[in-house]
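Peer 1: Predicted structure and sequence below. I'll ask about it afterward.
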Amino acid sequence: MRVAFVSLFAPGHGDTPARSRTRRIAAGLAERGHDVVWLCARWWGGDHDAFEEDGIAYRSVTADPSPATFSARLPFALRRVAPDVVHAVNTPPTPGLAATVAGTLSRTPVVVDWWRDHPADSRQRYGLLARRADAVTAPSRTTKTLVREHGAAGDDVRVVPESIDFDLVESAGVDDRFDAVYARRLDRHANVETFLLGLAELRGRDWTAAVVGDGPERARIEAAASDLRIADRVSFLGDVPLRERVELFKGTHVVAATATWETFPTDLLWALACGCVALVEYQADSSAHELVEGRRRGRLVTSPAELADEFVAVADLDRKSVERDFADYDHEAVLDRVTNLYRDLRDES
């Protein structure tokens, strides 16, 4: 199958969770022997318009990342590629709209992967894109609801979650230094305070905790731990390589997820696959609750006091280092969902 990825920006322009997700899907398809072409604005040097890396053929539609110019030239670029399926992204929406027009003319199905809305984008164009795509994939039910609010039909939006390497989960060692862990980029949405305040209510108990991640709010969060007089029991580890992070999750009993905004809580997914019991603070702009709803080893909380209570309550649950219920989130299993969608759309067209 030949798949054309339409994304004005590629990871070479600067890595983001959405671009990493797109590249992981593209690379996974290439590894399976599919013909993968990524149409984007040029980020590489030199005067060549195309090059190949890790099985992905990158082709520049424009030299500069101008959505209008890119969109005007995209139909001709797609005609040269002649794909079986087009995989576009939702932001900026103009290139995705151009892909749907080209897809209609060539009877090529267009899938739009919708990571999140960007505040600079036009809501009107989002509405057009949501309605014109042959199918939309979203990382969570929370995002699916957002896409439906833009006008997409419910049956046209499929949840395709982020994925993990379950083989790594099973093969990694165990680092059992901590009882509780928080893991995420420490930005203005991190809300680590709920985690720290909950721990502070348990000063009389024996526990150790770790905060994994770095970001602009780290110094302020470390100061908060000091103000709460728990700095000697909370280790701030910064950015930790993936294997070491997995080993830490496998040896820790409880993971807390309290961020106020989360398109998909990938660190929480890794921790759950590593057997952690999850304490998740419900937030309207976070999809974290979706991973624990209905699960015995997950609790939803709404305050630091509830988090503290649940931390005590789950102490009787057995410690685990692997939770096979999350094998369905392995990279290969999730990629199967994507390829099955492609084939269904190609057969329908």
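Peer 2: Here it is on my side, so go on.
Peer 1: only C-alpha atoms for contact and neighbour calcs from this point on.
Peer 2: Noted.
Peer 1: element containing Trp115, please.
Peer 2: Under DSSP states H and E, no helix or strand contains Trp115.
Peer 1: Pull the contacting residues for it.
Peer 2: Taking CA atoms under 8 Å, 6 or more residues apart in numbering, we find Trp115 in contact with Ala18, Val89, Asn90, Ala138, Pro139, Thr143, Thr263.
Peer 1: Neighbour-wise, which one of the residues you listed leads?
Peer 2: Tallying neighbours with other CA atoms under 10 Å puts Val89 at the head of those, with 27 neighbours.
Peer 1: Against Leu279, how distant is that one?
Peer 2: Distance check for Val89 against Leu279: by CA to CA, to the nearest Å, it reads 32 Å.
Peer 1: in stretch 52-67, what's buried?
Peer 2: Using 16 or more other CA atoms under 10 Å as the test for burial, stretch 52-67 gives Gly55, Ile56, Ala57, Tyr58, Arg59, Ser60, Val61, Thr62, Pro65, Pro67.
Peer 1: What of stretch 179-195?
Peer 2: Buried-residue list, stretch 179-195, by 16+ other CA under 10 Å: 179-187, 190-195.
Peer 1: any idea how far it is from the chain center?
Peer 2: Here stretch 179-195 is found 17 Å from its chain centre; the criterion is CA atoms, centre = their mean, to the nearest Å.
Peer 1: Stretch 97-113 now?
Peer 2: Per CA atoms, centre = their mean, the centroid offset for stretch 97-113 relative to its chain is 24 Å.
Peer 1: Flag the shaky bits of the stretch 51-200 of the chain, pLDDT-wise.
Peer 2: Within the stretch 51-200 of the chain, no stretch has pLDDT under 70.
Peer 1: hey, where'd the helices end up in it?
Peer 2: Remark: helices assigned in the stretch 51-200 of the chain by DSSP state H, counting those that start in this stretch are 67-81, 93-106, 123-132, 141-149, 166-171, 192-200.
Peer 1: Just send these back as a markdown table, with distance to Val322 too.
Peer 2: A markdown table is the format used below for the helices of the stretch 51-200 of the chain (distance: least, CA to CA, whole Å):
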| stretch | distance to Val322 |
| --- | --- |
| helix 67-81 | 43 |
| helix 93-106 | 39 |
| helix 123-132 | 38 |
| helix 141-149 | 25 |
| helix 166-171 | 6 |
| helix 192-200 | 24 |
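Peer 1: Between the ones you listed, which one is closest to Gly215.
Peer 2: Comparison of those against Gly215 by CA to CA identifies helix 192-200 as nearest, at 12.1 Å.
Peer 1: how near is Leu248 to Thr194?
Peer 2: 21 Å.
Peer 1: Just give me the neighbour total for Val240.
Peer 2: Neighbours around Val240, by other CA under 10 Å: 14.
Peer 1: for Gly151, that is, sorry about that
Peer 2: What Gly151 shows, counting by other CA under 10 Å, is a neighbour count of 15.
Peer 1: Quick check: phi and psi at it.
Peer 2: phi 120, psi 0 (degrees, to the nearest 10).
Peer 1: what does Val234 give?
Peer 2: phi -120, psi 120.
Peer 1: again, but for the one 3 residues further on
Peer 2: Leu237 adopts backbone torsions of phi -90, psi -10, taken as degrees, to the nearest 10.
Peer 1: Any idea how many residues pack against it?
Peer 2: 13.
Peer 1: okay, now the domains of this protein?
Peer 2: Per automatic domain parsing, the domain ranges recorded for the chain read 2-163+330-348, 166-328.
Peer 1: what about the last one, how long is it end to end?
Peer 2: Taking CA to CA as the measure, domain 166-328 stretches 9 Å from start to finish.
Peer 1: quick one: contacts of the helix ranked longest in the chain?
Peer 2: The residue-count maximum for a helix in the chain (DSSP state H) belongs to helix 331-348. By CA under 8 Å, 6+ apart, the list of residues contacting helix 331-348 from outside reads 25, 28-29, 84-85, 108-109, 111, 134, 160-166, 327-328.
Peer 1: quick one on the thing from earlier: quick check: the farthest pair among the buried residues of stretch 179-195?
Peer 2: Farthest-apart pair in these is Asp179 and Asp187; separation 23.6 Å (CA to CA).
Peer 1: quick revisit: list the buried residues for the longest helix of the chain?
Peer 2: His331, Glu332, Val334, Leu335, Val338, Leu341, Tyr342, Leu345, Arg346.
Peer 1: Which strand residues bridge Ala41?
Peer 2: Thr62 (DSSP bridges).
Peer 1: show me the contacts for Glu281.
Peer 2: By CA under 8 Å, 6+ apart, the contact list for Glu281 reads Ala256, Ala257, Thr258, Ala259, His289, Leu300, Val301, Thr302, Ser303, Leu307.
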